[in-house]
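Enquirer: Need the 3D shape of this:
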Amino acid sequence: MKKQSRFPAGWDEARVQRVLGHYESQSDEEAVAEDEASFEATTHTAMEVPVELVPAVRELIAKRKRSA
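Expert: Alright, predicted model coming up:
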C-alpha cells in the first residue's frame, strides 16, 4: 500500500518551511501591505460564499479549468 503524502501535490517539507519563514519574518506592516495588495489584483477576486454552496462553486471552477 502506497503511503499518502502529508502535503498537497507539488508541496514538500522544504516548500512548507520556506512559506512559513516568509510569513514569520514579516513585520505587521509588511503583512498588512501584502493583504491589501491581494485585494487590488485585477486577475483574482475574493468573495464570501455560503458554506453549503462551496461544493457547487468548486465544481464550476473545475469545469472551467477543464474546458480552458
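Enquirer: can we go C-alpha only for contacts and neighbour counts from here?
Expert: Noted.
Enquirer: Now do the helices in the protein.
Expert: Taking DSSP state H as the test, the helices found in the chain are 13-25, 28-40, 54-67.
Enquirer: ok now the second one, how far from the chain's centre?
Expert: In terms of Cα atoms, centre = their mean, to the nearest Å, the gap separating the centre of helix 28-40 from the centre of its chain is 15 Å.
Enquirer: And the contacts of that helix?
Expert: Contact with helix 28-40 is made by 23, 45-46, as judged by Cα atoms under 8 Å, 6 or more residues apart in numbering.
Enquirer: who wins for neighbours among those residues?
Expert: Using other Cα atoms under 10 Å as the neighbour test, those are led by Y23, with 12 neighbours.
Enquirer: what's near enough to touch R15?
Expert: No contacts exist for R15 under Cα under 8 Å, 6+ apart.
Enquirer: ok so, going back, make JSON lines out of the contacts of helix 28-40 and add distance to R58.
Expert: Shown next, in JSON lines, are the contacts of helix 28-40 (distance: Cα to Cα, whole Å):
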{"residue": "Y23", "distance to R58": "27"}
{"residue": "T45", "distance to R58": "15"}
{"residue": "A46", "distance to R58": "14"}
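Enquirer: Cool, thanks, signing off.
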